[in-house]
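**Q** The following block contains a protein sequence and its predicted model.
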Amino acid sequence: MAAFYIITIILAVSTNATVLGAFLCRQSLRTPFNLYLINLLSGNILRVVLETTPELLNHLYSGWWLGDGYCSVLVFGLYFTDAGVQNCHILIAINRIWAVCWPYSYRTTHTRRVALLMCLAGWAEVCAMVLPGFILDTVYYRADPVKVLELSYEIWTNKLSHAHI
């Protein structure tokens with residue numbers, strides 16, 4: 001399973017970064033529509049870095065040793081990047097519908113500024129939708145690490161005491 005994650009990380013980062021680099025290096029490629037593609041490529045890279053890399057480490061080593069802080073980053077990242085990448089696809093679909101159904105409006109109104117604002121609004125919307133659930137999860141549903149250790153110790157000692165009977 002670790003080999004799958006390594007191949008996925010290498011391929012995802014290298015292919016997305018190559019295309020993203022081409023868009024960023026050439027001014028002529030930064031058209032309004034290509035800003036949606038830049039948004040999608042950035043979201044894909046963010047997703048691989050925040051989600052797939054910790055999953056690889058989780059498969060290589062037993063237990064979660066990245067700490068509670070990164071656990072919070074991962075939980076937020078799971079919801080945020082998944083929804084963000086889906087939003088990127090939705091924005092591209094909406095953009096294509098706009099271009100096909102209302103071509104005059106699209107040509108006269110759609111600029112790089114409009115595309116950038118729509119991409120930023122998409123990520124802000126995802127953040128506004130994900131953040132309340134993440135805060136509730138952090139405040140109410142996270143187990144206290146000390147209590148978890150005490151409980152697992154009690155279970156372990158009870159199993160040992162019953163095994164000797």
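**A** Sure thing, it's come through.
**Q** hey, where'd the helices end up in the protein?
**A** Along the chain, counting by DSSP state H, helices occupy 2-25, 32-47, 53-60, 67-101, 103-109, 112-136, 145-163.
**Q** highest average neighbour count across the ones you listed?
**A** helix 32-47 (a mean of 19; mean count of other Cβ atoms under 10 Å). All C-beta spots, glycine's among them, are computed from the backbone N, C-alpha and C.
**Q** and the angle for that one with helix 2-25?
**A** Here helix 32-47 runs at 150 degrees with respect to helix 2-25, directions being taken by axes from the mean of the first three to the mean of the last three Cα atoms, to 10 degrees.
**Q** who are the neighbours of helix 32-47, in terms of helices and strands?
**A** helix 2-25, helix 67-101, helix 112-136 (3 or more Cβ pairs under 8 Å, 6 or more residues apart in numbering; DSSP states H and E).
**Q** With distance to residue 42 and mean pLDDT added, can I get those in CSV?
**A** Formatted as CSV, these follow (distance: least, Cβ to Cβ, whole Å; pLDDT from 0 to 100):
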stretch, distance to residue 42, mean pLDDT
helix 2-25, 7, 93
helix 67-101, 9, 90
helix 112-136, 9, 94
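**Q** Now tabulate those in CSV and tack on distance to residue 37.
**A** Below are the helices and strands packed on helix 32-47 laid out as CSV (distance: least, Cβ to Cβ, whole Å):
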stretch, distance to residue 37
helix 2-25, 7
helix 67-101, 8
helix 112-136, 10
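**Q** For the residue nearest the centre of the chain, which non-adjacent residue is closest in space?
**A** Central residue of the chain (Cα atoms, centre = their mean): residue 81, 2.3 Å from the mean position. Distance criterion Cβ to Cβ, 6 or more residues apart in numbering; nearest residue to residue 81, sequence neighbours excluded, is residue 47 at 4.0 Å.
**Q** pLDDT of stretch 104-111, averaged?
**A** Computed over stretch 104-111, the mean pLDDT rounds to 95.
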